[in-house]
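K.L.:
Please work out how this folds:
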Amino acid sequence: MKFAHFSHIWAKPAMTPHQRYEELWRELELCDDLGFDYSFCVEHHFRPDESWISSPSLYAVGAGARTKRMRIGPMGYIVPLYHPLRLVEEIAIVDQMLGGRMELGLVPGISAEYFKPFGLDYSFRKSPTLEFVDYMRAAYGEKQPFSFHGDNHKTESAEISVQPFQKPHPPLWMMSRDPQTLEFCATNGINPGYFLIYPRKDAAPRYVKFLEDWAKAGHPKKPNIAYCTIVHVDDTDEKALDVALKRAARAYEGFLPHPKPGETFDERVREHAKKFIGRGEPGASEIMANLFDADYLMKHELVFIGSAETVAAKIHAAAKAGLFNVFLGEFNFSDLPEADLMRSIRLFGEKVIPALRDYEPF
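P.N.:
As a prediction, this is how the structure comes out:
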């Protein structure tokens, strides 16, 4: 298995953005020292109460300046928000600045709120994201200047000044549980993944199919399949639960839209959960409806909280059931104090990673 520090870079009421970024660099420096494989961030916009990272490129370059070994990247760029030519230029420069340590996540965007201020159509986001893979490969090809004429992206005779360090481009990721997207990922050699909001029992059959399609495509290496959730490790189960469980049950409040006038918290949760029913995902709807219930989180093993031995056992079981071989741990959530945060990261690196390093879930 492989292991990542994953961060929404949640807003912290007692911190300025600068202070929050400085804390983030301390987290990543420690992870790098402890042997974590990756560090990943999101791209979120226009929610000062939620995430303070709207520029994955700046995250990657800042993280690269403070680490020596970990591979770093967005999970991922919201492709429809960029002009494709501008994005391929930026990716290449980031990969060069990182000396070839970049991992490249591409996503269509999860929230309509990110699109409206840009004057873009949220419903028209998947096709440009998938087509960008071909656009990028053309842009990084041997023929320069390059041209591309697709359904969504069109460029005539542009020469890329800086090519990526890695050839032909950094390893690709696309967090998705959508069957059509997973077929695309298998064909194109793209590593997929999913978040705690989607039930592992529902994900497993889709990833069985993905692995079959990956093998048929003849890729030389086994894929990475990622899974992301809250994790907290402490000296004992009791201490871990005391420090982290209630905070874990408030970790993802930023997922909810802004409240309407007079709307209660429970009403906001119920309304948001209904959206997953519309997507044909009743399991995800149930998790979303209970995402702020600490007892539900523990009963269904949706967050991994406990001693190093307990957390290792939870991840082992979840990876087997959910078919993932890369664990993305979100260590910094809610108002978790930095001393507890750093102790958790250290125990994870010193005890959990070695316990699971040789485990191969598939």
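K.L.:
which stretches of this structure form strands?
P.N.:
Per DSSP state E, the chain carries strands over the ranges 2-7, 38-41, 71-74, 77-78, 104-107, 146-149, 154-158, 172-175, 191-195, 226-233, 304-306, 326-330.
K.L.:
chain center to the first one: distance?
P.N.:
Mean C-alpha position of strand 2-7 versus that of the full chain (C-alpha atoms, centre = their mean, to the nearest Å) differs by 9 Å.
K.L.:
ok, back up a step: now tabulate the strands of the chain in CSV and tack on mean pLDDT, mean neighbour count and distance to residue 50.
P.N.:
Glycine gets a C-beta too; all of them are placed from N, C-alpha and C. What follows is these, written out as CSV (pLDDT from 0 to 100; neighbours: other C-beta atoms under 10 Å; distance: least, C-beta to C-beta, whole Å):
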stretch, mean pLDDT, mean neighbour count, distance to residue 50
strand 2-7, 98, 24, 13
strand 38-41, 98, 26, 13
strand 71-74, 98, 26, 17
strand 77-78, 98, 24, 15
strand 104-107, 98, 23, 16
strand 146-149, 98, 15, 35
strand 154-158, 97, 13, 34
strand 172-175, 98, 23, 18
strand 191-195, 98, 24, 15
strand 226-233, 98, 26, 16
strand 304-306, 98, 25, 22
strand 326-330, 98, 24, 14
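K.L.:
Can you get me a residue count around residue 280?
P.N.:
Here the number of neighbours of residue 280 (other C-beta atoms under 10 Å) works out to 8.
K.L.:
Show me the shaky parts of the chain.
P.N.:
Along the chain, the model assigns pLDDT under 70 to no residue.
K.L.:
spatially speaking, which residue is in the middle of the protein?
P.N.:
residue 75 (4.2 Å; C-alpha atoms, centre = their mean).
K.L.:
Touching, residue 244 and residue 238? I think so.
P.N.:
No: with contact defined as C-beta atoms under 8 Å, residue 244 does not reach residue 238; the gap is 11.4 Å.
K.L.:
Pick out whichever of the two has more residues nearby.
P.N.:
Each of residue 244 and residue 238 has its neighbours counted (other C-beta under 10 Å); residue 244 has more, 28 against 11.
K.L.:
ok, now how distant is the more buried one from residue 250?
P.N.:
According to C-beta to C-beta, to the nearest Å, residue 244 stands 11 Å off from residue 250.
K.L.:
Over to residue 63?
P.N.:
Taken as C-beta to C-beta, the span from residue 63 to residue 250 is 26 Å.
K.L.:
which of the two has more neighbours?
P.N.:
In terms of neighbours (other C-beta under 10 Å), residue 63 is the more surrounded of residue 63 and residue 250; the figures are 26 against 14.
K.L.:
So that one sits against residue 28, correct?
P.N.:
Yes: Residue 63 is within contact range of residue 28, at 5.2 Å (criterion: C-beta under 8 Å).
K.L.:
chain center to stretch 137-157, what's the gap?
P.N.:
With C-alpha atoms, centre = their mean as the basis, stretch 137-157 stands 28 Å off its chain's centre.
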